[in-house]
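Participant: this is a predicted model, with the sequence first.
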Amino acid sequence: MATILVTGGAGYVGSHCCLALKRAGHDVVVYDNLSNGHRQFVKWGQLEEGDIRDRARLDAVFARHKPAAVLHCAALIEVGESVKFPERFYDNNVAGTLTLLEAMRTGGCNAFVFSSTCATYGDPVRLPMDETHPQAPVSPYGWSKLMIERASRDIAAAHGLKFAHLRYFNAAGATPDEGIGERHDPETHAIPLALFTLIGRREGFKIFGGDWETRDGTCLRDYIHTLDLADAHVRAIERLIGGGESLAANLGTGDGVTVKELLASIERVTGRAVPAAPAPRREGDAPALVADNSYARRELGWSPQRNIDAIIADAWKWHAEAEPKLFG
Ligand code: UDP
């Protein structure tokens, strides 16, 4: 049992990690500036409100809690925003993380589990993508995450930091019974937007592109349940604080699902058809992104447990029942 500082612990993936850490017997401290996180999601540890760019605040939190590891989820994540305002992403994500890493070093904490992304690979040159796939991001968001991977790798070599770079594919699902789920403003992700049409929050769903080279012409993605992601984070933390080696690992199911298959799953699970219409391709989309997850399976002893229908069932219960109760 150890104390883990979770930056971005009031967010979507971060709050699931806090839940999983608590269930595994660890103490959790959430560090979050609540710019995109939700106070309602902080339930498994104390909230230390603060910004990752605030060195004095970080120093005080490290001195107070002496965490054995940092799980770093705090970040700006909206790809479109990163194209319009790249400076925000380099300031918050990159400079903020450098400040955090320096606070870890002076605070005597040397285990760093980082919420990275398959966006660090950019457009796929082969599928499924393993960890040796070239990393050539196509957005400032992806670059900001890759720069953090690079910086923490170099800091590890120089100062003995241990890192786990966890590259998520499409985080999805929710844990409605625990009151946590996806809640972004603006929402841009396929699953919530499709489900919103069934509860009157959106009129219709646009299918971005129907002429991709995939089995039905729509984009293929690897949707992974946030609880499966959280399970991998707990394993990575325990590996690092147990003296294990650093690693960079993909977190995906290894199964691709097209947009049309996603809509079919929603119909199977909810019994209702999403009103969907074809639309032009969305700029920046890759046709297909699927993880080769064999490295995470081997190194972390991890295997994802939830398929697309389980993801949709939880997301549906979240958006239709739990979220309105919590947020009105
Ligand atoms: N998508 C769509 N309509 C939407 C939102 C998304 O057809 O309103 C598609 C998008 O083109 C992509 C997939 O759904 O192929 C997943 O998109 P999302 O934004 O959820 O995640 P991304 O893969 O972009 O990170």
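Facilitator: Yes, it's here.
Participant: number of residues surrounding the spatially closest residue to M1 that is not a sequence neighbour?
Facilitator: Distance criterion C-beta to C-beta, 6 or more residues apart in numbering; nearest residue to M1, sequence neighbours excluded, is G25 at 4.9 Å. Every C-beta, even on glycine, is put in place using the N, C-alpha and C of the backbone. Counted with other C-beta atoms under 10 Å, residues neighbouring G25 total 9.
Participant: next to the ligand, which bits of the stretch 101-250 of the chain? Give me the list.
Facilitator: Contact residues (C-beta under 6 Å from any ligand atom) of the stretch 101-250 of the chain with the ligand: N170, T188, H189, A190, L193, F205, K206, I207, F208, C219, R221.
Participant: using the three-state scheme, assign Y31.
Facilitator: At Y31 the chain is in strand, as set by DSSP: H, G, I helix; E, B strand; the rest coil.
Participant: any figure for the gap between it and G328?
Facilitator: Y31 sits 27 Å away from G328, going by C-beta to C-beta, to the nearest Å.
Participant: mind listing what the closest residue to T270 other than its chain neighbours touches?
Facilitator: Of all residues not flanking T270 in the chain, W316 sits nearest, at 5.5 Å (C-beta to C-beta, 6+ apart). Residues near W316 by C-beta atoms under 8 Å, 6 or more residues apart in numbering: L195, L198, I266, V269, T270.
Participant: quick one: which of the residues you listed sit in strands?
Facilitator: Of the positions in the contacts of W316, not one sits in strands, assigned by DSSP state E.
Participant: quick one: low-confidence ranges for the chain?
Facilitator: Counting by pLDDT under 70, the chain contains no low-confidence range.
Participant: what residue in it comes nearest to the ligand?
Facilitator: Using C-beta to the nearest ligand atom, the single residue of the chain nearest to the ligand is C219, 2.8 Å away.
Participant: hmm, back to that, distance from whatever helix or strand the residue nearest to T270 lives in to the middle of the chain?
Facilitator: Per DSSP states H and E: W316 is located in helix 308-317. Its chain's C-alpha centre and that of helix 308-317 lie 17 Å apart, by C-alpha atoms, centre = their mean, to the nearest Å.
Participant: residues in contact with the helix or strand just after that helix?
Facilitator: Later in the chain than helix 308-317, the nearest helix or strand by DSSP H and E is helix 323-327. Applying C-beta under 8 Å, 6+ apart, the external contacts of helix 323-327 come out as H38, Q40, G179, G181, R183.
Participant: what's the answer for stretch 6-14, then?
Facilitator: Contacts for stretch 6-14 (C-beta under 8 Å, 6+ apart): 15, 17-18, 21, 28-32, 34, 36-39, 41-42, 45, 47, 52, 70-75, 100, 115, 168, 171, 180-184, 226, 229-230.
Participant: so A249 sits in a strand?
Facilitator: Yes: under three-state DSSP, A249 sits within a strand.
Participant: offset the numbering so it begins at 4, please.
Facilitator: Yep, numbering from 4; the last one is A252 now.
Participant: for it, what are its contacts?
Facilitator: Per C-beta under 8 Å, 6+ apart, neighbours of A252: E134, A167, H168, L169, R170, A235, A239, N296, Y298, A299, E302, L303.
Participant: ignoring the adjacent residues along the chain, who's closest to it?
Facilitator: Nearest in space to A252, with sequence neighbours left out and distances taken as C-beta to C-beta, 6+ apart, is A299 at 4.1 Å.
Participant: quick one: the one you found and A251 touch, right?
Facilitator: No: contact status for A299 versus A251: not in contact, 9.9 Å apart, counting by C-beta atoms under 8 Å.
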